[in-house]
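Visitor: structure of the sequence below:
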Amino acid sequence: MAKISVYLVDDQALVRQGMQALLSLSGDIICSGSCGSGSEFIQQVQSNQITADIVLLDMRMPELDGVDVLTELLPLAINFKVIILTTFNDTAKLKLALELGAKGCLLKDVDLEELIDAVRQVHQGELIIQDELAETLLKPDPTLDKLTTREKDILKLIAKGYSNKEIANALYKAEGTIRNSVSCLLAKLQVRDRTQATLKAKALGFGD
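Guide: Numbers count the residues shown, from 1 in each chain. Here you go, the predicted structure:
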């Protein structure tokens, strides 16, 4: 039976070492490598150093978090699947991670059997969300209720690829006003940049 190759991305060395030791008990999963930051991982992907089938990616890391890493992966040709590991049930971040292509979401305190099963199932093409996370992740997104009418209009135009200047012209507003509105909008959406905002917009139905 072919082994499933797993790569670990976590800023805590003890977590990486412990995870590697646990996965080795499965018999059919091997750890092909690990690193301690999102930026280091992206550099390795760009230089074709990642040969894993599955990447276990920590959600909360300094510099680039899990969502940032997934965003950086979008334009890259990758052959691996990503499972997000998180300490917190951060619904907005996890939903965005799924929208960005993550194939699984697990809490870091997941038991060994469930972790191994998740790796196997994602490798086979399934989407895996731990039961403790599924209930909140499958609820309707309340984000729309937080947005003003202007912010919704701006989000629609961001989803169409408009620049701040183009949005200002379309809405007959000063570019500085739009710039400030976009900053507030990104904060409400809990996204880092326009790329993530565009994905969020499409998930909310603004991408048509």
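Visitor: domain-wise, how is the protein divided?
Guide: Domain assignment for the chain by automatic domain parsing gives 4-137, 143-203.
Visitor: can you put the ones you listed in JSON lines and add mean neighbour count and mean pLDDT?
Guide: (Glycine included, C-beta is placed from N, CA and C.) Shown next, in JSON lines, are the domains of the chain (neighbours: other Cβ atoms under 10 Å; pLDDT from 0 to 100):
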{"stretch": "domain 4-137", "mean neighbour count": "17", "mean pLDDT": "90"}
{"stretch": "domain 143-203", "mean neighbour count": "16", "mean pLDDT": "87"}
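Visitor: for the residue nearest to Leu127 when sequence neighbours are not counted, what are phi and psi?
Guide: Spatial nearest neighbour of Leu127, excluding adjacent residues (Cβ to Cβ, 6 or more residues apart in numbering): Lys103 at 5.6 Å. For Lys103, the backbone dihedrals (degrees, to the nearest 10) come out as phi -110, psi 0.
Visitor: was I right about Lys103 contacting Val122?
Guide: Yes: assessed by Cβ atoms under 8 Å, Lys103 is found in contact with Val122 at 4.8 Å.
Visitor: which neighbours do the two have in common?
Guide: Counting by Cβ atoms under 8 Å, 6 or more residues apart in numbering, the residues touching both Lys103 and Val122 are Lys81, Ile83, Ile128.
Visitor: bridging residues for the first one?
Guide: The bridge-partner assignment for Lys81, based on DSSP bridges, gives Ile54.
Visitor: my guess is it contacts His123. True?
Guide: Yes: applying Cβ under 8 Å, one finds Lys81 in contact with His123, separated by 7.1 Å.
Visitor: for the helix or strand harbouring Cys105, packing partners?
Guide: Assigned by DSSP states H and E, Cys105 belongs to strand 104-107. Contacts defined by 3 or more Cβ pairs under 8 Å, 6 or more residues apart in numbering; DSSP states H and E place strand 104-107 against strand 81-86, helix 91-99, helix 112-123, strand 128-129, helix 131-137.
Visitor: who touches the longest one?
Guide: This means helix 112-123. If you take Cβ under 8 Å, 6+ apart as the criterion, helix 112-123 is touched by 4, 6, 22-23, 25-26, 28-29, 53-54, 56, 81, 83, 103-104, 106, 110, 128, 130.
Visitor: what about 6 Å?
Guide: Ile4, Leu22, Ser26, Ile29, Asp53, Ile54, Lys81, Ile83, Lys103, Gly104, Leu106, Ile128 (Cβ atoms under 6 Å, 6 or more residues apart in numbering).
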